[in-house]
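Q: Generate coordinates for the sequence data below:
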Amino acid sequence: MRLGEAAIDIAQRTQSYLSRIENKVLKAISRATKAESIASDASNQVSQFKDRLTQVDNKANDAFNKASSHHASIQSLKKDVGDLSRQVNTKVDKNTFDREIDNNRAINENQTQTIIDKIDNLNFPSVGQIAGGVAGLDILRQILARSSRAANGGGSPCLAPTIA
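A: Here you go, the predicted model:
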């Protein structure tokens, strides 16, 4: 019987050993399940955090686009206000405009007077000088005609050698 008792003893120890292993495996499975649950929760939290970040990023982009649009609108309004301001200043400052017209008129009058003075300083021939010139040309024409006749055998021979 000793052999039977030994076999029973070995079987009991093996069963005890297997029970301890089974308990350890069950604990490991429980821990693994718990770890998987924690990992799943963490993954869900990370996913939710990513979603929130995406929402924040979208809102930030929307805010940036709106700010850019407002900035462009403000720049356009500044330009329009500047244009209107210049127009108002031009209309309001009529005295400056009138002074500019007076200054331009004075400049034009000075330039006109300068041109008149320059024309007066030119030495144009007088009417008498022009009449004398015309008479001189007439005399010259007569001399040429005589010399031409003299060269052709008629007219006054004394003029022919001078002209030729």
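Q: all contacts plus neighbour counts: C-alpha atoms, from now on.
A: Noted.
Q: now Ala32: how far from Gln55?
A: Ala32 sits 34 Å away from Gln55, going by C-alpha to C-alpha, to the nearest Å.
Q: Burial check on Arg141, number of neighbours?
A: Close neighbours of Arg141, defined as other C-alpha atoms under 10 Å, add up to 12.
Q: Next, give phi and psi for it.
A: phi -60, psi -40 (degrees, to the nearest 10).
Q: Make residue 1 into 18 and carry on from there
A: Right, with 18 as the first residue, what we last looked at is Arg158.
Q: what's the burial count for Ser164?
A: By other C-alpha under 10 Å, the residues close to Ser164 number 23.
Q: per-residue confidence for it?
A: Note for Ser164: predicted pLDDT of 71.
Q: lowest confidence element among the helices and strands of the chain?
A: With mean pLDDT, DSSP states H and E as the measure, the helix or strand of the chain carrying the lowest mean pLDDT is helix 177-180 (a mean of 47).
Q: Off-centre distance for the helix or strand hosting Val63?
A: For Val63, the host element (DSSP states H and E) is helix 19-109. The chain centre lies 45 Å from the centre of helix 19-109; the measure is C-alpha atoms, centre = their mean, to the nearest Å.
Q: could you give the mean pLDDT of the helix or strand following it?
A: Downstream of helix 19-109, the first helix or strand assigned by DSSP H and E is helix 111-138. In this model, helix 111-138 has a mean pLDDT of 75.
Q: If you compare the directions of helix 111-138 and helix 19-109, what angle comes out?
A: Angle, helix 111-138 to helix 19-109, by axes from the mean of the first three to the mean of the last three C-alpha atoms, to 10 degrees: 60 degrees.
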